[in-house]
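Student: After the sequence you'll find the predicted model.
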Amino acid sequence: MVKRLVVGAHYGFRDWLLQRLSAVVMAVYAVILAVQILLLPQWDNAAWRALFAGGFMRFITFLFFLSLFFHAWIGVRDIWMDYIKSISLRVTLHAITALLLIGYAGWAAQILWRL
């Protein structure tokens, strides 16, 4: 009898799908942002501030950043699980990565809502 030890990237289809969905969110945001930039009357600081003054643009920008950080989490987590054999080092790297991404999300929110 073979005893399986689950230590690798065992998340499978769910995480594959979530990573693809987060990529779709980022791609849709890129198209929306490109159209908004092309529609700006001028490309100066006042126009950029006006673009992000509305709640909709702030919200979808924050959604973009959350998707980006979630996408990065899945990718980096899988790299740590595939290539770092020491469990203590892997857990440490997971914790550092998670804390950094959470901090970046807070920083993005602070930037977006202090305009």
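Tutor: Great, that's in hand.
Student: If you count contacts, what does the longest helix anywhere in the chain end up packed against?
Tutor: If you go by DSSP state H, the chain has its longest helix at helix 55-83. Packing partners of helix 55-83 (3 or more Cβ pairs under 8 Å, 6 or more residues apart in numbering; DSSP states H and E): helix 13-38, helix 87-113. Backbone N, C-alpha and C define where each C-beta goes, glycine included.
Student: Could you point out which of those helices sits nearest residue 52?
Tutor: Set against residue 52 and scored by Cβ to Cβ, the helices and strands packed on helix 55-83 come closest in helix 87-113, at 7.0 Å.
Student: ok so, going back, which one of the helices and strands packed on helix 55-83 lies closest to residue 53?
Tutor: Here helix 87-113 is closest among the helices and strands packed on helix 55-83 (Cβ to Cβ), at 10.8 Å.
Student: mind listing what's buried in the worst-scoring helix or strand of the chain on mean pLDDT?
Tutor: Between all helices and strands in the chain, the lowest mean by mean pLDDT, DSSP states H and E belongs to helix 45-51, at a mean of 90. By 16 or more other Cβ atoms under 10 Å, the buried positions in helix 45-51 come out as residue 51.
Student: could I get that helix in CSV with only the CA atoms?
Tutor: Extracted C-alpha coordinates of helix 45-51, given in CSV (Å, rounded to 0.1, in the frame of the first residue of the first chain):
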residue,chain,number,x,y,z
ASN,A,45,-2.2,66.0,-12.6
ALA,A,46,-5.7,67.7,-12.4
ALA,A,47,-7.1,65.3,-15.0
TRP,A,48,-5.7,62.3,-13.2
ARG,A,49,-7.1,63.5,-9.9
ALA,A,50,-10.5,64.0,-11.5
LEU,A,51,-10.4,60.5,-13.0
